[in-house]
Every structure is written in C-alpha cells, then in structure tokens.
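Student: sequence unknown, structure follows:
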C-alpha cells in the first residue's frame with residue numbers, strides 16, 4: 001500500500017509540475033470547490049471555526065461564502081506547492097516577493113550576529129517559506145517537520161523540499177542536530193506555531209477564545225539568544241505570493257526576559273491580524289480550538305521573569 005500511494009503521489013506531482021503554474025492554480029481551485037461539497041467533515045470544521053471567530057461580525061451567508069473560498073484556496077495552495085517545489089530559483093523570483101527581509105540584518109547595538117527565529121503559520125502557499133533564503137543572502141534557513149507514517153511518501157516529500165536549500169530537522173529524531181546548528185549561529189529557524197499544541201501547550205487567547213499554543217518559537221528564541229519575528233505568506237494573485245516579515249516580537253522588556261506566555265501572546269496577535277486582513281488565506285480546516293487539560297499557570301502574565 002505504501003508503494004502504491006508513493007506511485008500515485010509521484011505521478012500526480014509529475015503531472016502538476018509539467019503544467020503552467022496559473023493552470024495548476026485553477027485546477028486546484030476547481031478541486032477545492034468540489035471538495036467543499038464532497039468533504040462534509042472538513043466543511044463542518046471550517047464553518048464551525050469561522051462562526052466562532054466571525055459569527056458576531058459576519059452574516060451566515062458571508063461565512064458560507066468565506067468557507068467556499070477557503071476550500072478553493074486550499075486546493076490552490078496544495079497544487080501550487082507541488083508545482084513550485086520543482087521550480088528553479090529564477091522561476092520562483094518571478095512569482096514570489098519578500099518584504100521586510102532587511103529585518104534579518106538589523107543588529108542590536110553591541111551584540112554579535114545571532115540566529116533568528118520566525119514564527120510562521122499555514123498561510124497561503126506556506127511551503128514557499130523555505131524558498132525565502134534566496135532573498136536573504138548569507139542566511140541559512142532551517143525548519144522542523146514531523147515525518148509521515150509512510151516511509152516512501154515521507155521520502156518523496158523530503159525530496160521535493162531539497163531544492164529549497166533549507167535545512168529540515170525531524171522533530172523527534174534530529175534534536176541534537178538542530179541544537180548543533182543553532183549553536184553555530186547564523187540560522188534563520190522557521191517554526192509553525194498556528195496549530196493546536198496539545199495538553200502541554202500554552203493556554204492563550206486567539207480570536208478571543210483560549211486555545212493550546214506552541215511555546216517553541218519563544219523557548220528557542222530565548223534559549224539561543226535569537227531575535228524573534230513572524231512571517232506571513234499572502235496570496236497576491238493567481239499563482240503569485242508575497243511573504244511579509246513582521247516587526248520583531250520583543251523577548252525582553254526593560255532589561256528583563258519576558259515569559260514564553262507573554263511572547264507567544266504577541267505571536268497570536270500577529271497571526272490574528274494577518275487572518276483578519278485576508279480570512280480565506282488561513283488553514284481553517286484545522287481544529288484550532290480543541291478543549292483539553294491546561295498545564296498550571298499557563299495564562300499570560302504581564303510581569304517578566306528574571307534571567308541571569
């Protein structure tokens with residue numbers, strides 16, 4: 001079964017990569033539109049999430065229209081991700097722009113060059129985050145991932161990502177390699193931080209409702225002395241995107257180190273602002289607001305914590 005799935009996936013990807021990008025985007029949108037009617041389970045998740053966040057602001061008709069567009073965007077994003085994975089750097093430059101990359105080079109006075117941590121989310125064609133290194137000479141991009149259960153499909157996925165030049169560390173097996181890379185410095189580490197983080201996550205508000213939030217961007221930024229940013233991939237047109245690097249997320253205030261809760265609260269606020277700017281651009285199909293057991297004292301505190 002694993003090899004059958006591998007063969008089918010490889011054939012589908014090869015077909016998409018042989019087609020023009022804008023045509024691929026249209027195919028994806030058609031597929032997403034069909035999925036809205038065929039996939040009742042995920043349609044229900046999207047509608048429930050949209051009602052939770054926008055029920056007081058948008059009519060039921062507008063929420064349904066937004067859900068339909070979100071399905072179309074998801075289809076477009078997945079198909080385009082397969083296509084752009086096989087595109088050269090020159091081809092990527094014609095369809096992707098990056099703004100705010102100069103933030104990576106701005107140094108704090110009197111401090112040596114350190115790494116950067118970027119909190120990213122499932123916005124637009126989010127696989128393009130890994131291709132941003134071409135816009136930031138001298139920076140080595142890296143990220144973490146969780147391997148798929150099917151070894152052959154996992155191998156195929158990673159082979160698609162190799163062209164990016166980004167370093168990929170498996171979350172469960174490559175901890176030592178990631179630590180070594182971060183200690184060398186000069187790494188720009190992108191971490192997905194917009195999904196449910198389980199019972200061990202931080203209990204933080206998002207769109208006014210508590211949810212489990214990953215502490216990883218804050219924890220790693222503090223551990224390795226990195227500056228922390230957010231980055232959002234916006235769809236600007238059919239088969240066109242712009243990654244915007246946001247303002248720095250403070251990790252210290254008045255000489256004191258902020259808590260992970262306070263830091264990630266600001267990340268959540270940045271993500272919410274990005275979603276409000278283009279609601280259909282986010283991954284609403286995920287169950288972001290799951291109920292769960294919260295770890296003690298996980299609510300954000302205004303006070304900072306001391307460090308040496």
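Tutor: On my side now, so go ahead. What you see is a predicted model; the values in this text were computed from it and never measured. Numbering: from 1, shown residues only.
Student: Confirm that residue 176 sits in a helix.
Tutor: Yes. Per DSSP: H, G, I helix; E, B strand; the rest coil, residue 176 lies within a helix segment.
Student: Mind pulling the model confidence for it?
Tutor: Residue 176 carries a pLDDT value of 95.
Student: quick one, what contacts it?
Tutor: By Cβ atoms under 8 Å, 6 or more residues apart in numbering, the contact set of residue 176 is empty. Using the backbone N, CA and C atoms, a C-beta is placed for each residue, glycine as well.
Student: Can you list the buried residues in the helix or strand that residue 51 is a member of?
Tutor: Residue 51 is part of helix 40-54, with elements assigned from DSSP states H and E. By 16 or more other Cβ atoms under 10 Å, the buried positions in helix 40-54 come out as 42-43, 45-47, 49-50, 53-54.
Student: just stretch 3-18 next, same as before
Tutor: 6, 9, 13, 16-17.
Student: hmm, who's touching stretch 153-167?
Tutor: Applying Cβ under 8 Å, 6+ apart, the external contacts of stretch 153-167 come out as 2, 5-6, 9-10, 13, 82, 85-88, 127, 130-131, 133-134, 140-143, 147-148, 168, 181, 187, 190.
Student: Go ahead and measure how far it is from the middle of the chain.
Tutor: How far stretch 153-167 lies from its chain's middle: 17 Å, per Cα atoms, centre = their mean, to the nearest Å.
Student: Low-confidence bits of the stretch 1-150 of the chain, can you list those?
Tutor: Where the stretch 1-150 of the chain drops to pLDDT under 70, the residues are 1-2, 105-113.
Student: Longest strand in this structure, by number of residues?
Tutor: Identified as the longest strand of the chain according to DSSP state E is strand 227-237.
Student: Buried residues of that strand, list them for me.
Tutor: 227-235.
Student: same question, stretch 178-198
Tutor: Buried, per 16+ other Cβ under 10 Å, within stretch 178-198: 178, 181-182, 187-197.
Student: out of the residues you listed, who's nearest residue 21?
Tutor: Checking the buried residues of stretch 178-198 against residue 21 with Cβ to Cβ, the nearest one is residue 190 at 23.0 Å.
Student: The closest one reaches residue 129, doesn't it?
Tutor: Yes. Contact criterion Cβ atoms under 8 Å: residue 190 and residue 129 qualify, at 5.3 Å.
Student: Mind listing the shared neighbours of these two?
Tutor: Shared contacts of residue 190 and residue 129, counting by Cβ under 8 Å, 6+ apart, come down to 118, 120, 141, 143, 231.
Student: remind me which residues of the stretch 151-300 of the chain are low pLDDT?
Tutor: Scanning the stretch 151-300 of the chain for pLDDT under 70 picks out 293-300.
Student: Give me the helices and strands touching the helix holding residue 51, please.
Tutor: Judged by 3 or more Cβ pairs under 8 Å, 6 or more residues apart in numbering; DSSP states H and E, helix 40-54 is in contact with helix 21-38, helix 60-84.
Student: For stretch 208-218, measure first residue to last.
Tutor: The first and final residues of stretch 208-218 sit 21 Å from each other (Cα to Cα, to the nearest Å).
Student: so who does the residue nearest the centre of the chain touch?
Tutor: Centroid check for the chain by Cα atoms, centre = their mean gives residue 121 as the closest residue, at 2.4 Å. By Cβ under 8 Å, 6+ apart, the residues touching residue 121 are 192-194, 232, 271, 274, 282-283.
Student: Could you dump these into JSON lines and include secondary structure and distance to residue 289?
Tutor: Output for the contacts of residue 121, formatted as JSON lines (DSSP: H, G, I helix; E, B strand; the rest coil; distance: Cβ to Cβ, whole Å):
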{"residue": "192", "secondary structure": "strand", "distance to residue 289": "17"}
{"residue": "193", "secondary structure": "coil", "distance to residue 289": "15"}
{"residue": "194", "secondary structure": "coil", "distance to residue 289": "12"}
{"residue": "232", "secondary structure": "strand", "distance to residue 289": "20"}
{"residue": "271", "secondary structure": "helix", "distance to residue 289": "14"}
{"residue": "274", "secondary structure": "helix", "distance to residue 289": "18"}
{"residue": "282", "secondary structure": "strand", "distance to residue 289": "13"}
{"residue": "283", "secondary structure": "coil", "distance to residue 289": "13"}
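Student: For these, which two are the farthest from each other?
Tutor: Those two in the contacts of residue 121 that are separated most widely, counting by Cβ to Cβ, are 192 and 274, at 13.9 Å.
Student: about what we covered before: relative to helix 21-38, how tilted is the longest strand of the chain?
Tutor: Relative orientation of strand 227-237 with respect to helix 21-38: 90 degrees, computed using axes from the mean of the first three to the mean of the last three Cα atoms, to 10 degrees.
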